[in-house]
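A predicted structure for the sequence below; I have some questions about it.
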Amino acid sequence: MVIHQSVPVIIKPICVVSVLVLALSGFCYRSAAMPVVVVYGGGEDELASMLVELIESEERIDAEVLVVNSPEAVRLSAAMPDLACILIYADHRDDLVELPEPLTAFFEGGGGLVGLREVCSLPAAEELSMEVFPVHGNHTLRLSGSTRAFLYRVGEGMEITEGLPESFEVLSLGTYVSVDSDGDPIQIPGNHRTVYRDAETGSPLVVAHESENGGRSVALPGIMVVSNERVDVYYGNLFLDGNFTTLIANSVVWAMGNSRFEAMEQDLQQEIDEFNAIQEELRSEAESAEGERRTRRLYYLVGFWAGGLVVCGLILFRLVLPPQA
Amino acid sequence: MESHRRVIGLGVISLIISALLVFSFASEASDGPVEVLKNEFPTAGGTGFTLALVAREDIEHLQLRFSVLSPEDLSDEEVADPDSLERFAGDIGGYQIEPGSGPADFLGDILRLNWFSERMDGQGIVPENHTATIRIEESEYELLLHDYTRMMDHILGKNQTSTLELVFGAAVNATGHSFFFEGGSAFVPYDDMDILSVSHNDQKVTYVPDHQVSEGTLPLSAAPRGVLDFEDMERDDTVGIVIRIQPFADFALQVVKIYADGELLDEPIVNVMR
């Protein structure tokens, strides 16, 4: 588990540096109104750092960027009221352990997410690949050749396509697609937009989705890269491609326009105050009810004793004391 | 004859005064607003859980909050000082920390918790902290819990917080053997219950697996997730919760917190399920 802020691109050994930065994070904390973007690179810490650098260099994104490197930390971050977006790259199902349910709830609650690669795989990401990143990827479409890349062709134009050409290439090993038992592509039903498709096969490469409560997600199933610098699909090469960096920045900007952060920014203090006020009101009601109960009991006992003593007095005068001559 | 009258009179006066004293003491306030009548939970191979309560006074709002915590493994990267932890393999697992250290020291060593609590503190969100003494394998452990669920339910909504693990705990015994626990709002360790029955006096709601729903039952998918609310309870009202699960063969803590009109009733009930 590592959580750190504003990390440089080269960080090895990651543990030592992250512990150090973590220790400093308390002092670097900014105001509650600053949106937070959480970046999770699965096991790829260097890729995560590159994504952080990309987001931090983007003028349109005025956010605090945090890097986490365990599913547990992603889960914890989903509870943060100032969280505006989670950016995930995962290349193995183990990177997503116990994440589908909380991230689905985060999205349905109005949160923003951008997901690359494994989050679109049905076996690995389960409901996440259906409810949040609606690719339903049950099959991998692999590319071959010396320079492997998809030709992205614009589908439904929207904010994510701004500043990007009608078509452009992005390096990749392959992509996740949804196919039937015969291997034919399936059209995924639902309220989402296929922003870019593969020019050759028509497979969705960028899918934008909004939840009923204003959650926003962008799925990029075709960003399959590796850490080996000697191959064409080395992830470092992606970040040299201006179209790719614009695509990611546009996706983060769009996802950050979700309803959760906006609502939290306006209402968080009010919610906390309201919670404390409700508890205080309940406590004072309980105290006043207890006071009333004690008073009632006191009156009851006083009456009871008075009655008892009167009866005792009568008996005393009539039966016990000798009658007057 | 005269002396008989006096004896009878004194006897009657004694009886009346005794009755007054007995009534005075008998109507003395109870120990608390709620009394736990029954608390049964599954241990090895068990399947049943029963909690029964009775209100000892009028309560406008009674809330029962259940959470389940499991012992978690910590990697070297997750603790500030990995050399201070010795891991135990085998059935019960856990860690050896320096004897004399308490659960607060242990929790304070876990990086992600420090980070999380700092960030939440910065926004005015603080956990409820509880202590308890529990027995695990015949040894007594001091337990410390940090629970964010109640405030986060209000901020994020129960739907979202019920999917998050926002309760953290550490248990440490006298020799320094310790556990780190993590969990969230839930009745029992399993997602799938065989039955969940919640009653308030004669009113009863029964939840069963979705495919077994029949008349008079509701689907478990619609059941509350670890939090039960009862309104306008009167003195002597009863509440009962009955749960059946598949045979339990693991290790978990079930924590039950009872709030009467916003006030936590004593310390939480901690059931060591093992």
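Sure thing, it's come through. Numbers count the residues shown, from 1 in each chain, chains lettered A, B, ... in the order given.

Let me know the secondary structure of the residue lying closest to B:P247 once chain neighbours are set aside.
Excluding the flanking residues, the one nearest B:P247 by C-beta to C-beta, 6 or more residues apart in numbering or on different chains is B:G45, at 4.9 Å. C-beta coordinates here come from the backbone N, C-alpha and C atoms, glycine included. Look at B:G45: counting by DSSP: H, G, I helix; E, B strand; the rest coil, its state is coil.

Pull the contacting residues for B:G45.
By C-beta atoms under 8 Å, 6 or more residues apart in numbering or on different chains, B:G45 lies in contact with B:P247, B:F248, B:A249.

wait, doesn't the first one sit right on B:G48?
No: with contacts defined as C-beta atoms under 8 Å, B:P247 does not count as touching B:G48, sitting 10.3 Å away.

Which residue of these two possesses the greater neighbour count?
Shown here are B:P247 and B:G48; by other C-beta atoms under 10 Å in any protein chain shown, B:G48 has more neighbours (14 against 9).

Please tell me I have it right and the more buried one contacts B:E40.
Yes: if you go by C-beta under 8 Å, B:G48 and B:E40 touch, sitting 6.6 Å apart.

count of neighbours near B:G102?
Neighbourhood size, B:G102 [other C-beta under 10 Å]: 16.

Kindly state the beta-bridge partners for the residue lying closest to it once chain neighbours are set aside.
Nearest residue to B:G102, sequence neighbours excluded (C-beta to C-beta, 6+ apart): B:V172, at 5.9 Å. Beta bridges link B:V172 to B:E142, B:S178, judged by DSSP bridges.

neighbours of B:V172, just the number please.
B:V172 has 26 neighbours, counted by other C-beta under 10 Å.

Same check on the one 3 residues further on?
A total of 11 residues lie near B:T175 under the criterion other C-beta under 10 Å.

Which of the three states applies to it?
Here B:T175 is coil, with the state taken from three-state DSSP.

contacting residues for the nearest residue to it once chain neighbours are set aside?
Once flanking residues are discounted, B:T175 sits nearest to B:P99: 5.8 Å by C-beta to C-beta, 6+ apart. Shown in contact with B:P99 (C-beta under 8 Å, 6+ apart): B:A174, B:T175, B:G176.

measure B:P99 to A:N69 for me?
32 Å (C-beta to C-beta, to the nearest Å).

gap between B:I59 and chain A?
8 Å (C-beta to the nearest C-beta, to the nearest Å).

isn't that residue right next to B:E35, touching?
No: with contact defined as C-beta under 8 Å, B:I59 does not count as touching B:E35 (11.9 Å).

Looking at the two, which is more packed in?
Neighbour totals were compared for B:I59 and B:E35, and B:I59 leads with 24 against 13 (other C-beta under 10 Å).

Return the residues in contact with the residue nearest to the more buried one when sequence neighbours are not counted.
In space, and not counting its chain neighbours, B:I59 is closest to B:M233: 4.2 Å by C-beta to C-beta, 6+ apart. The contact partners of B:M233, by C-beta under 8 Å, 6+ apart, come to B:A55, B:D58, B:I59, B:E60, B:L62, B:H200, B:V239.

what about 10 Å?
If you count contacts by C-beta atoms under 10 Å, 6 or more residues apart in numbering or on different chains, B:M233 has them with B:33-34, B:53-55, B:57-62, B:200-201, B:239, B:260-261.

what do you get for A:G257?
Counting by C-beta under 10 Å, 6+ apart, the residues that A:G257 touches are A:A84, A:C85, A:G112, A:E159, A:E210, A:G214, A:R216.

any idea what it is structurally, helix, strand or coil?
Per three-state DSSP, A:G257 ends up coil.

Got the phi and psi for it?
Main-chain torsions, A:G257, degrees, to the nearest 10: phi -80, psi 20.
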